[in-house]
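A.B. asks: Give me coordinates for this.
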Amino acid sequence: MPHDSDDTAFLYDMVQSGAAIERYLTGRHRGDLDRDEMFRDALERRLEIFGEAARGVSAELQSRTHIPCWRLSRYP
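C.D. replies: Take a look at the predicted model:
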């Protein structure tokens, strides 16, 4: 049974946000989160988008894959 078409949109959002997070973190250090409010806000927003998308992926697709974020996305 093919996965829900909504899953494709959720997975796309996860990939896009993951790539953005990787770009944002390149060349940065932990202290940058404390010093740069805009950097911190951008990173937090992308993490929110990633989490919201992970939470939206169907249970059927989650059961067929073994990705750790599925477990994390179940927490409120």
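A.B. asks: Quick check: the gap between the nearest residue to residue 43 once chain neighbours are set aside and residue 67.
C.D. replies: Leaving aside its sequence neighbours, residue 43 sits nearest to residue 24 (Cβ to Cβ, 6 or more residues apart in numbering; 5.5 Å). Every residue, glycine included, has its C-beta placed from N, CA and C. According to Cβ to Cβ, to the nearest Å, residue 24 stands 21 Å off from residue 67.
A.B. asks: Kindly report the same for residue 56.
C.D. replies: 14 Å.
A.B. asks: So if I had to pick from those two, which one is more boxed in?
C.D. replies: Taking neighbours as other Cβ atoms under 10 Å, residue 56 and residue 67 compare with residue 56 leading, 16 against 13.
A.B. asks: Contacts only, for the nearest residue to the more buried one once chain neighbours are set aside.
C.D. replies: Closest residue to residue 56 apart from its sequence neighbours, by Cβ to Cβ, 6+ apart: residue 10 at 4.5 Å. Contact analysis of residue 10 by Cβ atoms under 8 Å, 6 or more residues apart in numbering lists 53, 54, 56, 57.
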